[in-house]
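Undergrad: 3D, please:
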Amino acid sequence: MKYLLVDIGSTYTKLTLVDAEKRKIIAKSKDITTIKTSVMNGFRNALNKIESEIGKVEYDKAITCSSAAGGLKMVAVGLGKNLTAEAAKRSALGAGARVLKTFSYELDLSKVREIEELNPDIILLSGGTNNGNKFNILHNAKMLSELNIKVPIVIAGNEQVSDEVAEILNGFETYITENVMPTVNELNADPTRKIIRDIFMRRIIFAKGLSEYRENVGEVLMPTPDSVLQAARLLSVGTENESGLGNLILVDIGGATTDVHSIGYGLPENNDIRFEGLKEPFDKRTVEGDLGMRYSAVSLYESVGEEELKEYYDADYKTECKRRSEDIMMVPDTEQDKKIDTSIAKACVNHSLDRHVGNLRKEYSNGRYIYYQSGKDLSSFNTIIGTGGVLVHSENPEFILETKNAPLYPKEPTKYLDKEYILSAMGLLATEDREAALEIMKNTIEKI
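TA: The predicted structure follows:
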């Protein structure tokens, strides 16, 4: 079987032609995404590039993911900031969404107006464990019923009142699914992830100007970040016939965000450490919207500061970050610009991992210290994979991916580079042929 794997990104439309039986990438190309006219134009331009290389392109099936027009934008609403609201946020991120904002406790009219301004594609409404708090989700449903925008609402809170919540929101397109946190600290993300993907396929693609593409090429199967997560999971766990790489971390440094995926449970490695707080998903994704190479360079500077950046290379980072945010297509062509980009990328990795990894605290009790872990322990994660333009083109990717020596951090992991940008494509291929996708990934990613 030959597959045409398509990633319609916000900047580029990327095509990968694969022969699954031969476990071979036949050709690749990319062209500017033409979201303002028709994405078909960018697709055809990219296809023409392949055909000029190998002749007429023939394939059995096209499989597509997309992050065009901002991707899948969501707002999450929950009860406690660290529990149901956080569970809702994690479920949304795991489905490949871009979470614009998370609201906790009771919504008021000003927050409803703020949600209108954010104009999300989907709202995820949670609140209360099963047989627990009912007031919060009922109150927030009543407030959301005042919205002046019609947006799909996924109801994933206390299941005792799900039907009542749907009745309150009867003027909206609602979807009832299982509670994202059925009991305290227990994350139940998969049902919500599935329904978000279903909504994305059935409804969101029409709002993104992709309906013509759907008619001419095929369905848009999932958001791009979800495809990358599927690839990372496959590369970690393997298949029945081929072993994976085990627990791994994937860092994707982009112009606007830095995404971190970790595949593995990350439970305490030591019996003397107790776990506390919301349990982590096996496949976790975090997105840092203030850490990026171009769009978010100024916000990165504000988050990280001049002093830390100068530890890597001495430059005027306030000026340099501003220059990059104003020229998002800038390609570093001088030695100084390359070193500055390396420093910014290093800061992206450090701070995104800081926010992804768990925390360890100690408490003195009965003459001894007791240690408590919240979040993931990544110390047994032996593989870290880097992707994104700055890493692929860097002269020193190993330095960028080097992790600090700190509790819960990976200890001297083996580093790999996704030099061919194949992960999103292989996440798509995995929906049809997991064996081929895994073998191609293992043969293509490069050890640093």
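Undergrad: What are the buried residues along stretch 215-223?
TA: Neighbour counts over stretch 215-223 (16 or more other CB atoms under 10 Å) mark 217, 220, 221, 222, 223 as buried. All C-beta spots, glycine's among them, are computed from the backbone N, C-alpha and C.
Undergrad: Give me the contacts around that stretch.
TA: Residues outside stretch 215-223 that contact it (CB atoms under 8 Å, 6 or more residues apart in numbering) are 6, 8, 40, 43, 61-67, 71-72, 95-97, 197, 200-201, 205, 210, 213-214, 227, 230, 427-428, 431.
Undergrad: Compute the first-to-last residue distance for that stretch.
TA: Start-to-end span of stretch 215-223 (CA to CA, to the nearest Å) is 18 Å.
Undergrad: In stretch 127-145, which residues are buried?
TA: 127-129, 132-134, 136-141, 143-144.
Undergrad: Outline the domain layout of this protein.
TA: Domain ranges of the chain: 2-69+206-218, 73-202, 243-420, per the TED database.
Undergrad: okay if I get the ones you listed as CSV plus mean pLDDT and distance to residue 444?
TA: CSV is the format used below for the domains of the chain (pLDDT from 0 to 100; distance: least, CB to CB, whole Å):
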stretch, mean pLDDT, distance to residue 444
domain 2-69+206-218, 87, 7
domain 73-202, 89, 22
domain 243-420, 91, 5
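Undergrad: Check these for me and report the most buried one.
TA: Looking across the domains of the chain with neighbours counted as mean count of other CB atoms under 10 Å, the highest average goes to domain 73-202: a mean of 20.
Undergrad: gap between it and the chain center?
TA: Relative to the mean C-alpha coordinate of its chain, domain 73-202 is positioned 19 Å out (CA atoms, centre = their mean, to the nearest Å).
Undergrad: Same check on stretch 243-262?
TA: Mean-position distance between stretch 243-262 and its chain equals 9 Å (CA atoms, centre = their mean).
Undergrad: got it, and stretch 242-251?
TA: Here stretch 242-251 is found 17 Å from its chain centre; the criterion is CA atoms, centre = their mean.
Undergrad: contacts for it?
TA: Applying CB under 8 Å, 6+ apart, the external contacts of stretch 242-251 come out as 228, 232, 234-238, 258-264, 266, 349, 352-353, 378, 380-388, 401, 410, 413, 423, 435, 438-439, 442.
Undergrad: Dump it to CSV, keeping only the CA atoms.
TA: Extracted C-alpha coordinates of stretch 242-251, given in CSV (Å, rounded to 0.1, in the frame of the first residue of the first chain):
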residue,chain,number,x,y,z
GLU,A,242,8.8,-5.0,17.2
SER,A,243,9.9,-3.5,20.5
GLY,A,244,9.8,0.3,21.1
LEU,A,245,12.4,2.5,22.7
GLY,A,246,10.7,2.4,26.2
ASN,A,247,9.9,5.5,28.2
LEU,A,248,10.7,8.6,26.2
ILE,A,249,10.5,12.4,26.0
LEU,A,250,9.8,14.3,22.8
VAL,A,251,10.6,18.0,22.6
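Undergrad: would you list the buried residues of stretch 127-145 in CSV and tack on secondary structure?
TA: Below are the buried residues of stretch 127-145 laid out as CSV (DSSP: H, G, I helix; E, B strand; the rest coil):
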residue, secondary structure
127, coil
128, coil
129, coil
132, coil
133, coil
134, coil
136, helix
137, helix
138, helix
139, helix
140, helix
141, helix
143, helix
144, helix
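Undergrad: want to throw these into TSV with distance to residue 248?
TA: As requested, these are exported to TSV (distance: CB to CB, whole Å):
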residue	distance to residue 248
127	34
128	35
129	32
132	35
133	37
134	41
136	37
137	36
138	42
139	42
140	37
141	40
143	41
144	38
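Undergrad: From the residues you listed, pick the one nearest residue 186.
TA: residue 129 (8.3 Å; CB to CB).
Undergrad: residue contacts, residue 229?
TA: Residue 229 neighbours (CB under 8 Å, 6+ apart): 94, 96, 261, 283, 285, 427.
Undergrad: Show only the entries of the buried residues of stretch 215-223 found in strands.
TA: Residues of the buried residues of stretch 215-223 located in strands (DSSP state E): 220, 221, 222, 223.
Undergrad: bridging residues for the first one?
TA: Each beta-bridge partner of residue 220 is listed here, defined by DSSP bridges: residue 64.
Undergrad: Specify the beta-bridge partners of the residue lying closest to residue 103 once chain neighbours are set aside.
TA: Residue nearest to residue 103 in three dimensions, not counting chain neighbours: residue 77, with 4.7 Å by CB to CB, 6 or more residues apart in numbering. On the basis of DSSP bridges, residue 77 is bridged to residue 103, residue 125.
Undergrad: With just CA atoms, put the helix or strand where residue 101 lies into PDB.
TA: Using DSSP states H and E, residue 101 sits within strand 98-103. The C-alpha trace of strand 98-103 is given here as PDB (Å, rounded to 0.1, in the frame of the first residue of the first chain):
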ATOM      1  CA  ARG A  98      -4.600  24.300  21.900                       C
ATOM      2  CA  VAL A  99      -6.000  25.300  25.300                       C
ATOM      3  CA  LEU A 100      -6.600  29.100  25.100                       C
ATOM      4  CA  LYS A 101      -7.500  29.300  28.800                       C
ATOM      5  CA  THR A 102      -8.600  27.200  31.800                       C
ATOM      6  CA  PHE A 103     -11.300  28.600  34.100                       C
END
